[in-house]
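Peer 1: 3D, please:
(chains A and B)
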Amino acid sequence: MIQLIRGFKDILPGETELWQKIEKTATDLFADFGFQEIRIPVMEKTELFARTIGEQTDIVEKEMYTFADRGGDMITLRPEATASIVRSYIQHKMYAQDPVRKFYTIGPMFRRERPQKGRYRQFYQINAEILGVASPYADAQLMYMLHLLFSRLSLSDLSAHINSLGCPQCRPDFRNTLMAFLDGCREELCEDCRRRSQSNPLRVLDCKVPKCREKMTDAPAITDSLCAECRAHFETVQKSLNLLGVPFAIDKRMVRGLDYYTRTTFEILTGSLGAQSAVAGGGRYDGMVQMLGGPEMPGIGFAIGFDRLAEICAMNAQNLQKGPAIYIAAIGEACQEKAFEWICAMAEQGIRAEMDMEGKSLKSQMKRADRLGVSNVLILGEDELSSGLALLRNMKTKEQISVPIGNLAEKIKEIIS
RNA sequence: GUGGGUGUAGCUCAGUUGGCAGAGCACCAGGUUGUGGCCCUGGGAGUCGUGGGUUCAAGUCCCAUCACUCACCCCA
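Peer 2: The predicted structure follows:
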């Protein structure tokens, strides 16, 4: 038996119904906000991710599926979607017709991490991005959209955290201030943080080690170092969220693992998935379009962890599987042929009908009908075929009535409606 | 990449000091010649995760390995 690849998984009937429901809820909602679907490839040149996400990040350094294809080009299975969407926006000069574009996409992402609850090597994301809008309204709108999605999926027990990471003007100042602070308490930090205080000092703010956490309560907050523009932007985001009734908390220590973020960043957290608490996350990436060779154009977006979302929805979801509308139990070859003709005709008319094609006994056919949860079974034997009247059994009441074989589909429609 | 827990039938799991591979549920058939659920009887189904080792004998003990899982880390 050949096993599937570690960290990969099948999504089976019984689960896919929920996935479809979530997908439809999301895409209907996004469409109402003016988002259009974009479909991008699962592989890109490695360089695209390395440059946008950041050479020094964990994702790029040790999690990407990167390899040389048969022509020798270095390519990577996408670890996230934003870089590809921005690449596509630039490549097709989509900013030319209307610089403001709103996209969504749904699909698999790949990161080679140690698998865990809510963490797979192939996982799915629902992404939404707004390109060409610098206004903080865009930030608030995206978060409002997320808020609506979760409430339409009847999810409570989620909390939204926001922060601002500043811009290329003010972040370096903060970085210096923070490094100075970290120098002062180096001895009290964990081993990782001592290393990080040089390579990526912002990460120290996000450390989970209790000792570091405690120490970091006194650390300078990035929100205190923002330049005037960034400060105004962040304030308008908060004001707008209040206006829209979106609850949120400011998390001064939230740092995200992709280098491209500027200004607003946010995460939606759940308490029900163990350590993997982020159900969605995102933020602004105002420099990315230009960095990839496009015009100076702002951007912001989010990614929802589809697998994690499905997992917390499944906790309070009822069975979404639907059984057939009718089961046709046919006895004998002539009747089977008739039944076969009927189930095909019914499917064509949108009625889901099942039958047994293996020539099983009536008893076993009834048993299967019961298992499939149908409420009506049409019984057809030699007698019924010659008399032109089939037996229709209501499985709940056990009542059986005769129905004429002609215009059967009409009759069935009437009964199941 | 690091650490803990778990791998026995489709599913949930028993399996004693090493001594014939088990139960419940599910599935199939029959009891009922053409009628589901309840009941009864029977049946099929296993590389005991995999590979080595110890032993007359290993599901059981030892070593290795793989997978799942939880946590660290990271993120969706």
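Peer 1: where exactly do the helices run in the stretch 151-300 of chain A?
Peer 2: A:171-184, A:191-199, A:201-204, A:210-216, A:228-244, A:288-291 (DSSP state H, counting those that start in this stretch).
Peer 1: Pick the most buried one from the ones you listed.
Peer 2: helix A:201-204 (a mean of 22; mean count of other Cβ atoms under 10 Å). Where you see a C-beta, it was placed from the backbone N, CA and C, and this is true even at glycine.
Peer 1: Check whether it comes near RNA strand B.
Peer 2: Yes - Helix A:201-204 is in contact with RNA strand B by Cβ under 7 Å from any atom of the strand, via A:Arg203.
Peer 1: so which residue of chain A comes closest to RNA strand B?
Peer 2: A:Gly257 (0.8 Å; Cβ to the nearest atom of the strand).
Peer 1: Near that residue, how many other residues are there?
Peer 2: Residues near A:Gly257, counting by other Cβ atoms under 10 Å, number 15.
Peer 1: Then A:Glu17?
Peer 2: Count around A:Glu17 with other Cβ under 10 Å applied: 14.
Peer 1: repeat for A:Gly373
Peer 2: 13.
Peer 1: repeat for A:Glu37
Peer 2: 11.
Peer 1: go on, A:Asn319?
Peer 2: Using other Cβ under 10 Å, A:Asn319 is surrounded by 9 other residues.
Peer 1: unless I'm mixing things up, A:Leu178 is touching A:Pro220, no?
Peer 2: Yes - counting by Cβ atoms under 8 Å, A:Leu178 touches A:Pro220, with 5.9 Å between them.
Peer 1: re the thing from before, how about the residue of chain A closest to RNA strand B, what does it touch?
Peer 2: Shown in contact with A:Gly257 (Cβ atoms under 8 Å, 6 or more residues apart in numbering): A:Thr57, A:Asp58, A:Ile59.
Peer 1: So for it, what's the pLDDT?
Peer 2: Looking at A:Gly257, its pLDDT reads 82.
Peer 1: Which of the three states applies to A:Ala409?
Peer 2: Put simply, A:Ala409 is helix when judged by DSSP: H, G, I helix; E, B strand; the rest coil.
Peer 1: what sits against it?
Peer 2: Contacts of A:Ala409 (Cβ under 8 Å, 6+ apart): A:Trp342, A:Ala345, A:Met346, A:Gln349, A:Ile351.
Peer 1: roughly how far apart are the fourth one and A:Arg70?
Peer 2: Translated: A:Gln349. 49 Å (Cβ to Cβ, to the nearest Å).
Peer 1: go on, the third one?
Peer 2: Distance of A:Met346 to A:Arg70, computed by Cβ to Cβ: 49 Å.
Peer 1: same thing with the last one?
Peer 2: Distance from A:Ile351 to A:Arg70, counting by Cβ to Cβ: 50 Å.
Peer 1: show me where the stretch 51-200 of chain A has strands.
Peer 2: Counting by DSSP state E, counting those that start in this stretch, the stretch 51-200 of chain A has strands at residues A:65-68, A:74-77, A:101-110, A:122-131, A:158-164.
Peer 1: Among the ones you listed, single out whichever gets nearest to A:Cys185.
Peer 2: The closest of the strands of the stretch 51-200 of chain A to A:Cys185 is strand A:158-164. By Cβ to Cβ, the value is 21.8 Å.
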